[in-house]
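S.K.: just need the structure, nothing else, for what follows:
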Amino acid sequence: MYQLYYYPNNASLAPHFLLHHMGLAYELVLVDKKANAQKSQDYLCLNPAGRIPTLIADGQPIFESAAICIHLCEQHPEHELIPPLGSRERPQFFQWLAYLNNTLQTELMSYYYPHRHTTDAACIPQIRAAQCERISEALALLDQQLSTRRYLLGDALSGCDFFCWMLAEWCLPLPRSPLHFPALRDYLQRLSRLPTIQAVCRLEAIDLTPFQPH
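M.R.: Purely as a prediction, here's the structure:
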């Protein structure tokens, strides 16, 4: 039985998708972000970074969303959400997951939390404007990758796709959202029809209406 310490529509969303998609036994443990519970002493004993999510696997706490996703995919290879060792696709899995985590997610955090990157509040509009450009560049690269592929790695769904959907959903409020990019839009609409994404989004109260074709 896994335990996923989560908060709705947070970085715990991708691991939540994987746990549900693979039909694994798991328990959700809400971390009340509004009450800053991720900084409580009890939670810091599990995750010294004080961030969400944390996965408890066989009594071992694991933090960082991308690391949790890799662990789940590797522990349950029968679900084929990570390419096997020695395959040409396996390094592509790590490449795209690292890009999503280190580039797109990092740029999004700077956009949503610009005050962390300046001591001058007057600079915040400029930081956000610059981040919009960086995020658009990342979305354009994903759009290019998906212009000839059904999923990020090719014809097969992988853990990268669930991680990508999570970040794309966070991008919706931006002036140039993922839905402005045709291949990326079609991909996100297709993923949004997956039973797992529909079920988890219902549980976490995430609105899928923007992903419905018009």
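
S.K.: so how far is His76 from the spatially closest residue to Leu167 that is not a sequence neighbour?
M.R.: Excluding the flanking residues, the one nearest Leu167 by Cβ to Cβ, 6 or more residues apart in numbering is Leu104, at 5.2 Å. For the C-beta atoms, the positions are set from N, CA and C on the backbone; glycine is no exception. Applying Cβ to Cβ, to the nearest Å, the value for Leu104 to His76 is 25 Å.

S.K.: circling back to that earlier point, confirm that the residue nearest to Leu167 sits in a helix.
M.R.: Yes - counting by DSSP: H, G, I helix; E, B strand; the rest coil, Leu104 is located in a helix.

S.K.: wait, what's in contact with it?
M.R.: Contact partners of Leu104, counting by Cβ atoms under 8 Å, 6 or more residues apart in numbering, are Ile135, Ala138, Leu139, Leu142, Leu167.

S.K.: list the buried residues in the longest helix anywhere in the chain.
M.R.: As assigned by DSSP state H, the longest helix anywhere in the chain is helix 124-146. Buried residues in helix 124-146, counting neighbours by 16 or more other Cβ atoms under 10 Å, are found at Ile127, Gln131, Cys132, Arg134, Ile135, Ser136, Ala138, Leu139, Leu142, Asp143, Gln145, Leu146.

S.K.: how is the protein divided into domains?
M.R.: Annotated domains of the chain cover 2-79, 89-194 [automatic domain parsing].

S.K.: how long is the longest one end to end?
M.R.: In domain 89-194, first residue to last residue: 23 Å (Cα to Cα, to the nearest Å).

S.K.: swap in the first one?
M.R.: For domain 2-79, the first-to-last residue distance is 17 Å (Cα to Cα).

S.K.: re earlier: let's have the domains of the chain in a markdown table, adding distance to Asp207.
M.R.: What follows is those, written out as a markdown table (distance: least, Cβ to Cβ, whole Å):
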| stretch | distance to Asp207 |
| --- | --- |
| domain 2-79 | 10 |
| domain 89-194 | 9 |
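
S.K.: nearest to Leu203, out of the ones you listed?
M.R.: domain 2-79 (8.1 Å; Cβ to Cβ).

S.K.: give the rounded mean pLDDT of the closest one.
M.R.: For domain 2-79, mean pLDDT rounds to 97.
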